[in-house]
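Participant: next come a sequence and a model predicted from it.
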Amino acid sequence: MKARRKEEGRWAWRLTGFVTVCVYIFMFAPIVATVVLSFNASMFGGFPMTGFSLQWYGKLMANEQVLAAFRTSLWIALVTAAVTTAIGVVTSFALVRFEFRGKQALSTLVILPALVPETILGVGLLVLIKAVDQPRTMLLLVLGHILLAVPYVVLITQARMVGIRRVYEEAALSLGASRFSSFREITLPLLIPAVVGGALLAFTISFDNTSASLFWRPAGVETMPTQILSMLKISISPEINALGTVMILVTVGIPLLGGLILQSLTRLKRRDEPKEEAR
Amino acid sequence: MPDRNDLSEVPRPEAAGVARSAAAPGGAGTGQPAVEFRDIDIAYGKFVAVRDFSLSIARGSFVTLLGPSGCGKTTILRSIAGLVDISGGQIMIDGRRVDDVPIYKRNIGLVFQSYALFPHKNVFDNVAFGLKYRDVPKPEIARRVGKALEMVRLPGSEKKLPSQLSGGQQQRIALARAIVFEPQVLLLDEPLSALDANMREEMRVEIKKIQKETGITAIFVTHDQEEALSMSDRIVVMNAGAVEQIGTPQEVYETPATAFVADFLGKANMLAGTVSRSGQAIAVTLAAGQTVEVACPRPLAQGSKVTVVVRPQKLSVGTAASANRLSGRVVSASYLGGSAIYEIDIGGKTSIRANAPITGRVLREGEAIDLGFDPEGCVLLDEDGRRIS
């Protein structure tokens, strides 16, 4: 009886393991294929591989269009991350710490862009711009990305803000810190993990965005995703695999790097703080 | 509200820890109270948390606001700090009206139930926080932080983070942080409630000691009567947003002004009865049928309904029972070492609690028991639950 149950348990585990592996293969196989094929020597962007080569990366580096798109995307993502994070911190502070009329409505409104399909948002903003007779500019593109990223950043900072007990701020105030000082010295440092997390997420959202960018970009401007799209229209060149690999590197690598920096920062701070204070 | 706080009818210019503001001498020189409430009301929307609260607190005294949760005691404390807006009346700190002064300019020390130490700052930075915002030079900050940490008996803990300290240690640091900049008033919001029982007792003594040493005016909020009785110069007993009684621990315990105070502090026995003989010492026939003699400060008409309040400790048990002998049966007995607590059924659905020193053996459940109390050892309440005086 006992042995049988053990046997069943083992099978259950095997099945779970099998399904898990399948899911992971399904998720990561395309990524692995892209990365592997970007090192293929062949002219055609597919298996079998004919040899190892870095030529496609070389070609990428020489492609002015690609480089311009990369710079554009990088700038837009950086600005989006900075602005969105500031908006997120202020909004979540207001939503969590204050009671005001229409608070519920505001908190729903802020999340709304995340619920509306991107294409609809893209068309909507475009129609609005046309209606007030304004040209499509870089500013519009950046504002659009901010619009897309704000809900996620607000959700992240809000969750963290709820966890920061009000009593810390009350203590700071009672000790003589003004409202601004207590925010700067107490609330913000306690909020930092959410600030960094939110900024990284906003960066990735902006850097990755394809569909909305297609609507909003000014004539002649390409971001990385739109660049890939337009290259695909011509041919499936292995260069695209190389470009895709670069994209993966940026969108996965930057949050990873940020997380590591944050972790080591808090660790360093913990170790250094006492020393620094031994005046 | 009718004046139930008959204890403050005599103004005590020197010794007065607390007096109703109406009776307080006011801001004459040294007699100026450290904190004064004048008819304050506090309302949250339609809910009135505190109504018509007046109190004046002498400099250097330790005053406790005592009451069940929701009685408004914490709200009053927070109103002194400026964390709660009052909807009517005035609050004065050292004679200065503070209603419109923002919290960070009020110069008060605040200790929270949950310690509220800044988790990302070490002990030194936590304690130094208040000094930093008062532009104290750095060497002076270091000196004063060191002194404050010595006072709370945690010297050398400067570099530790709050998460590395126990609850009791955290509360000591919080206390050091609140007193290091010498605030005009120290506010303590149930500072012992989050600690375990042993720690609580130790901290009780410690807080009181530090308050005496520094001579700071302290306002303490608690729902624990033992804390209130052991620490306070004066106790303000509150219920449902209003004051029930103000007095020294002994006054509120021994001569409760209302039925609420009698019951809240020490679970007194409340024996309902009717006056059956008037005079200097009146006779009261209890609901259970017995008749007891009670000293009465003023004559009462025969037939008036009264409640006799007797503390469990004032009841003598067994052969020691002299006057006002009642007999009944033990419902339950708890042995406490030096004394025992008996629940006694004296008939008429009345049960009495007695806390008596153990002379012979501890009586068991169901045994017959005699008990009695001194005619002077009780308090009489009228029909409305107010003390007859």
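Facilitator: Cool, got the structure. None of these values were measured; they are calculated from a predicted model.
Participant: count the residues that sit near the nearest residue to residue A:176 once chain neighbours are set aside.
Facilitator: Distances taken as C-beta to C-beta, 6 or more residues apart in numbering or on different chains place residue B:133 nearest to residue A:176, at 3.6 Å, with adjacent residues excluded. Just so you know, the C-beta spots here come from the backbone N, C-alpha and C atoms, and that holds for glycine as well. Look at residue B:133: counted by other C-beta atoms under 10 Å in any protein chain shown, it has 18 neighbours.
Participant: ok, now the one 10 residues further on?
Facilitator: Neighbours of residue B:143 under the rule other C-beta under 10 Å: 12.
Participant: ok, now the one 10 residues further on?
Facilitator: Counted with other C-beta under 10 Å, residues neighbouring residue B:153 total 12.
Participant: repeat that for residue B:162.
Facilitator: By the measure other C-beta under 10 Å, the count of residues near residue B:162 is 19.
Participant: what's near enough to touch it?
Facilitator: For residue B:162, the contact set (C-beta atoms under 8 Å, 6 or more residues apart in numbering or on different chains) comprises B:115, B:117-119, B:121, B:123, B:126, B:170, B:173.
Participant: now, those that are in helices?
Facilitator: In this view, these that belong to helices under DSSP state H are B:123, B:126, B:170, B:173.
Participant: okay, now the unreliable bits of the chain?
Facilitator: No chain in the question, so chain A it is. Scanning chain A for pLDDT under 70 picks out the ranges A:1-4, A:44-46, A:265-279.
Participant: wait, chain B
Facilitator: In chain B (pLDDT under 70), the answer is B:1-30, B:319-322.
Participant: which residue ranges form the helices in it?
Facilitator: Counting by DSSP H, chain B has helices at residues B:73-81, B:123-132, B:138-151, B:167-179, B:197-214, B:225-231, B:249-254, B:259-264.
Participant: what about the second one, distance to the chain center?
Facilitator: Read it as helix B:123-132. 31 Å (C-alpha atoms, centre = their mean, to the nearest Å).
Participant: swap in the longest one?
Facilitator: Between the mean C-alpha location of helix B:197-214 and the chain-wide mean there is a distance of 15 Å, by C-alpha atoms, centre = their mean.
Participant: packing partners for that helix?
Facilitator: helix B:138-151, helix B:167-179, strand B:217-222, helix B:225-231 (3 or more C-beta pairs under 8 Å, 6 or more residues apart in numbering or on different chains; DSSP states H and E).
Participant: which outside residues touch it?
Facilitator: Residues from elsewhere that reach helix B:197-214, judged by C-beta under 8 Å, 6+ apart: B:62, B:151-153, B:167-168, B:171-172, B:175, B:179, B:182, B:186, B:188, B:191-192, B:195, B:218, B:220, B:227, B:230-231.
Participant: buried members of these into ChimeraX, please.
Facilitator: The buried residues among the contacts of helix B:197-214 can be selected in ChimeraX (16 or more other C-beta atoms under 10 Å in any protein chain shown) with this line:
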select /B:62,151,152,168,171,172,175,179,186,188,191,192,195,218,220,227,231
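Participant: if we can go back for a sec, let me see the contact set for the residue nearest to residue A:176.
Facilitator: A:175-177, A:181, B:104.
Participant: closest to residue A:48 among those?
Facilitator: In terms of C-beta to C-beta, no member of the contacts of residue B:133 lies closer to residue A:48 than residue A:181, at 65.1 Å.
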